[in-house]
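Asks: No letters, just coordinates:
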């Protein structure tokens, strides 16, 4: 089968959607299918294909690092797509490239699959001043409804999409397909003890310290400010508990200032952006993955933390709570006090208990790999195209 994936940004930029696309592509190609990724590229001067990626010239968006706005309609892009001759088009983001995919599917008379990765109501403050957010929400819902109507199938990694689509008055069934990761890349055995120790020293983590880690884009929606507040409130004298924040974004400076104001600057390390190839080592060097965000569909960095053997401690979200197996790979908390109790219990485990939990956590996401994601999606591609998947496999 020939599959075209549409996304607004791609490697070398890293975020959850990019990771999802990379894993999906790897799984599909491993099963013998052909994949073309179509993406906006702020550095491209013209359309070109390289390593299975169609780069589309785009105007850089200063507010969104790594993103660019390509022309939503392009004859050149359409010519490249016709030459690829996809059996199915799969839209993963909804802006200029995503809009193009809906037009292309109609023109080529091919089915369109739409995956909702983001709860856009939580991000409207990036594009609209506060007084205009209600109007922006209405327009956003109308646009989402328009896209969903064009799609032959709608998927999402979370049941949250059901609620969002209901608000947008979309009546189509949402098929939940869990996010996936490169499971083997996050095997902690890949990081030597020497490298792990060097990273811990670099981040100021001493022998006997417990290190929490958050990894992601540092935007308001990630609620890293709450993690800092909770750390200051619940662990004022726990000098052996540290927080490592991996990533960059518009809130970086404000968060650093907050940490200093709370007297946490000696216990919180901001690493800045880290090359994705180095992310497994950072997870390996830490002990517990934490998050206070309520905007996630299904966090890729959470899954990567689990694949590294880190128990996860997440703020309770009723629609995502089942993504955690309580006591097996992590815990949900509803209050700062609950979070503190969970972390203290994890800190007080014996080394044997900690080692056993790391094995248990990693085992819980063993099936979150590229092949399983590809097989999930192929069942949908087969249904909307009428092409039997088995005949396409090698």
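Replies: Arrived safely, thanks for sending. The shown structure was predicted, so the numbers you read here are calculated from the model rather than taken from an experiment.

Asks: switch to C-alpha atoms for all contacts and neighbour counts from now on
Replies: Fine.

Asks: and residue 309, how many residues sit next to it?
Replies: 31 (other C-alpha atoms under 10 Å).

Asks: I meant to write residue 214 there.
Replies: 26.

Asks: Wait, a helix at it?
Replies: No - assignment of residue 214 by DSSP: H, G, I helix; E, B strand; the rest coil gives strand, placing it outside any helix.

Asks: excluding its backbone neighbours, what's nearest it?
Replies: residue 245 (5.0 Å; C-alpha to C-alpha, 6 or more residues apart in numbering).

Asks: Give me the distance between that neighbour and residue 339.
Replies: 17 Å (C-alpha to C-alpha, to the nearest Å).

Asks: now swap in residue 367 and tell me
Replies: 28 Å.

Asks: Please identify which of these two sits among more neighbours.
Replies: Taking other C-alpha under 10 Å, residue 367 and residue 339 do not tie; residue 339 has more neighbours (22 against 13).

Asks: For the more buried one, give me its contacts.
Replies: 313, 315, 332, 333 (C-alpha atoms under 8 Å, 6 or more residues apart in numbering).

Asks: try residue 310
Replies: 283, 286, 287, 288, 289, 329, 358, 361, 362.

Asks: hang on, isn't the fourth one packed against residue 211?
Replies: So the one you mean is residue 288. Yes - Residue 288 is in contact with residue 211 according to C-alpha atoms under 8 Å; the separation is 6.5 Å.

Asks: Mind listing the shared neighbours of those two?
Replies: In contact with both residue 288 and residue 211: no residue, using C-alpha under 8 Å, 6+ apart.

Asks: What is the neighbour count of residue 57?
Replies: Counted by other C-alpha under 10 Å, the residues lying close to residue 57 total 21.

Asks: if I look at residue 250, how far off is residue 272?
Replies: Using C-alpha to C-alpha, residue 250 is found at 12 Å from residue 272.

Asks: quick one, what contacts residue 36?
Replies: 2, 3, 4, 5, 52, 53, 54, 84.

Asks: Buried only: go through those residues for me.
Replies: Neighbour counting with 16 or more other C-alpha atoms under 10 Å marks 2, 3, 4, 5, 53, 54 as buried within the contacts of residue 36.

Asks: and of those residues, the nearest to residue 43?
Replies: Set against residue 43, the nearest of the buried ones among the contacts of residue 36 by C-alpha to C-alpha is residue 54 (12.8 Å).

Asks: For the closest one, list the residues it contacts.
Replies: 36, 37, 38, 39, 47, 48.

Asks: Quick check: the farthest pair among the residues you listed?
Replies: Across the contacts of residue 54 (C-alpha to C-alpha), the longest gap, 13.5 Å, separates 36 and 47.

Asks: Would you pull up how far the lengthiest helix in the chain lies from the middle of the chain?
Replies: Longest helix in the chain, counting residues (DSSP state H): helix 133-150. Mean-position distance between helix 133-150 and its chain equals 22 Å (C-alpha atoms, centre = their mean, to the nearest Å).

Asks: Which elements pack onto that helix?
Replies: helix 96-108, strand 112-115 (3 or more C-alpha pairs under 8 Å, 6 or more residues apart in numbering; DSSP states H and E).

Asks: Packed most tightly, which of those would that be?
Replies: strand 112-115 (a mean of 26; mean count of other C-alpha atoms under 10 Å).

Asks: where does the stretch 51-200 of the chain dip in pLDDT?
Replies: Applying pLDDT under 70 to the stretch 51-200 of the chain picks out residues 62-66, 122-128.

Asks: Show me where it has its strands.
Replies: For the stretch 51-200 of the chain, the strands defined by DSSP state E, counting those that start in this stretch occupy 53-60, 68-70, 88-91, 112-115, 153-156, 174-176.

Asks: mind giving me the domain split of the protein?
Replies: Domain assignment for the chain by automatic domain parsing gives 2-180+369-392, 184-364.

Asks: burial of residue 19, as a residue count?
Replies: Residue 19: 21 neighbours (other C-alpha under 10 Å).

Asks: what does residue 322 give?
Replies: Number of residues near residue 322 (other C-alpha under 10 Å) recorded here: 10.

Asks: Now do the buried residues in stretch 48-63.
Replies: Quick answer for stretch 48-63 (16+ other C-alpha under 10 Å): 53, 54, 55, 56, 57, 58, 60.

Asks: quick revisit: just send the contacts of residue 54 back as a markdown table, with distance to residue 267, secondary structure and pLDDT too.
Replies: Putting the contacts of residue 54 into a markdown table (distance: C-alpha to C-alpha, whole Å; DSSP: H, G, I helix; E, B strand; the rest coil; pLDDT from 0 to 100) gives the following:
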| residue | distance to residue 267 | secondary structure | pLDDT |
| --- | --- | --- | --- |
| 36 | 45 | strand | 98 |
| 37 | 41 | strand | 98 |
| 38 | 42 | strand | 98 |
| 39 | 39 | strand | 97 |
| 47 | 47 | coil | 97 |
| 48 | 46 | strand | 97 |
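
Asks: re the thing from before, could I get the contacts of residue 339 as JSON lines with neighbour count, distance to residue 381 and pLDDT?
Replies: Putting those into JSON lines (neighbours: other C-alpha atoms under 10 Å; distance: C-alpha to C-alpha, whole Å; pLDDT from 0 to 100) gives the following:
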{"residue": "313", "neighbour count": "24", "distance to residue 381": "35", "pLDDT": "98"}
{"residue": "315", "neighbour count": "22", "distance to residue 381": "34", "pLDDT": "97"}
{"residue": "332", "neighbour count": "24", "distance to residue 381": "34", "pLDDT": "97"}
{"residue": "333", "neighbour count": "18", "distance to residue 381": "38", "pLDDT": "97"}
